[in-house]
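J.: Build me a structure from this.
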Amino acid sequence: MQDYINKYLAHIEHNRNYSSQTLRAYRNDLHQYLSFLIAEECHDLGNVTRLFLRGFLAFLKRQDYSKTTIARKVVSVRSLYKYLCREGILKCNPLENIRAPKLDKKLPGFMSVTEAETLLNLPLNTASGIRDRAIMETLYSTGMRVSEVVGIDIEDIDYFNEVVKVRGKGKKERLQPIGNHALDAIRSYLSKRGSDNKALFLNKRGGRLTGRSVARMLEKYVKVAGLSLNISPHTFRHSFATHLLDRGADLRSVQELLGHANLSTTQIYTHVTTERLKQVYDKAHPRA
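T.: This is a model prediction of the structure:
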């Protein structure tokens, strides 16, 4: 069973170009599933029945995992079986008719334009402050994931065409528009940086900055600003999409800008803008 899992993990790493973070999640999920089967004295993936799978779901619920985590683990196991069936190793997928828990729809948190501008204007004119402003301007200007921002190299910035090369999920590359405020902040940062490291954003030791370091940096400014909203790097991405839609951008364009493979992923933001329209209507209409 372990050999089959190893083959599948190699497949999604080399043939499907899954990110290291996704690979880690799938590996952990499948090893947990394997441990469960062994504990239940099942030593052949082909002998797994719906009863075993329902037992696995019950086991996950007893571990007090969230619905989102359980759903992801079900996807990991289902994908393994799909691969084994496609390769002719198994004849049928026992997960075919087993559904993951229905997820609650959560609207993404986002900043108002005023809150975004407050954060962008907070960094001081120091070495670290100039870098922090460049990072926040880039997050807000492009809507990039924090992993994409910290992955930018200096040569990825095209100042003339005002675009940046982005390495997204699945190692897919795209050209992302970037605004003048962000480009000016990056120019200012690079003029003071004093390092020949190819990475754009560096930590104090001169190495490439990590996503976690960016999150900690933001926490510091959020406290200084006294904002009640729990703001993370992803909040900038949500705010980017929401502000674009509020000002008339079409959903397909926002999908391209966010690097979403499916339009359905982007549609969550229509709920945000619709909710705001309802609030305006309820507040302004005399017979609402």
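
J.: pretty sure residue 111 contacts residue 231?
T.: Yes - proximity of residue 111 to residue 231 meets the contact threshold set by CB atoms under 8 Å, at 6.6 Å. In short, each C-beta sits where N, CA and C put it, glycine included.

J.: shared neighbours, those two?
T.: Overlap of the contact sets of residue 111 and residue 231 (by CB atoms under 8 Å, 6 or more residues apart in numbering) consists of residue 119.

J.: where's the closest residue to residue 128 other than its chain neighbours, which helix or strand?
T.: By the measure of CB to CB, 6 or more residues apart in numbering, the closest residue to residue 128 outside its immediate chain neighbours is residue 204, 7.6 Å from it. No secondary structure element spans residue 204, as it lies outside all helices and strands (assigned by DSSP states H and E).

J.: just the helices in the stretch 51-200 of the chain please.
T.: For the stretch 51-200 of the chain, the helices defined by DSSP state H, counting those that start in this stretch cover 67-86, 113-120, 127-142, 146-150, 180-193.

J.: Just the buried positions in the third one, please.
T.: Of the residues in helix 127-142, those with enough neighbours to count as buried (16 or more other CB atoms under 10 Å) are 130-142.

J.: Of these, just say which sits nearest to residue 102.
T.: In terms of CB to CB, no member of the buried residues of helix 127-142 lies closer to residue 102 than residue 139, at 32.0 Å.

J.: can you list the helices of the stretch 51-200 of the chain in JSON lines and add distance to residue 249?
T.: Rendered in JSON lines, the data for the helices of the stretch 51-200 of the chain read as follows (distance: least, CB to CB, whole Å):
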{"stretch": "helix 67-86", "distance to residue 249": "28"}
{"stretch": "helix 113-120", "distance to residue 249": "14"}
{"stretch": "helix 127-142", "distance to residue 249": "14"}
{"stretch": "helix 146-150", "distance to residue 249": "20"}
{"stretch": "helix 180-193", "distance to residue 249": "18"}
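
J.: I'd like those written out as a markdown table, with mean pLDDT added.
T.: Rendered in a markdown table, the data for the helices of the stretch 51-200 of the chain read as follows (pLDDT from 0 to 100):
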| stretch | mean pLDDT |
| --- | --- |
| helix 67-86 | 88 |
| helix 113-120 | 93 |
| helix 127-142 | 96 |
| helix 146-150 | 93 |
| helix 180-193 | 95 |
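
J.: Identify whichever of the ones you listed lies nearest to residue 215.
T.: Within the helices of the stretch 51-200 of the chain, the stretch nearest residue 215 is helix 146-150; the backing value is 7.1 Å (CB to CB).

J.: what does that closest one rub up against?
T.: Under the criterion CB under 8 Å, 6+ apart, residues 19, 21, 135, 138-139, 142, 166-168, 199, 201, 208-211, 214-215, 233-234, 259 lie in contact with helix 146-150.

J.: Those residues in strands, which ones?
T.: Among the contacts of helix 146-150, DSSP state E puts 166-167 in strands.

J.: PyMOL command for the buried members of the contacts of helix 146-150?
T.: Entered in PyMOL, the line below selects the buried ones among these, by 16+ other CB under 10 Å:
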select buried, resi 135+138+139+142+166+167+168+199+201+208+209+211+214+233+234+259
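
J.: relative to helix 67-86, how tilted is whatever helix or strand residue 30 lives in?
T.: Following DSSP H and E, one finds residue 30 within helix 20-39. For the pair helix 20-39 and helix 67-86, the angle between their directions (axes from the mean of the first three to the mean of the last three CA atoms, to 10 degrees) equals 80 degrees.

J.: Can you get me a residue count around residue 25?
T.: Counted with other CB atoms under 10 Å, the neighbours of residue 25 add up to 17.

J.: Hmm, it is touching residue 75, no?
T.: No - counting by CB under 8 Å, residue 25 sits too far from residue 75 to count as a contact (9.8 Å).

J.: about what we covered before: of the helices of the stretch 51-200 of the chain, give the one that comes closest to residue 282.
T.: Where those are weighed against each other on CB to CB, the nearest is helix 113-120, at 21.3 Å.
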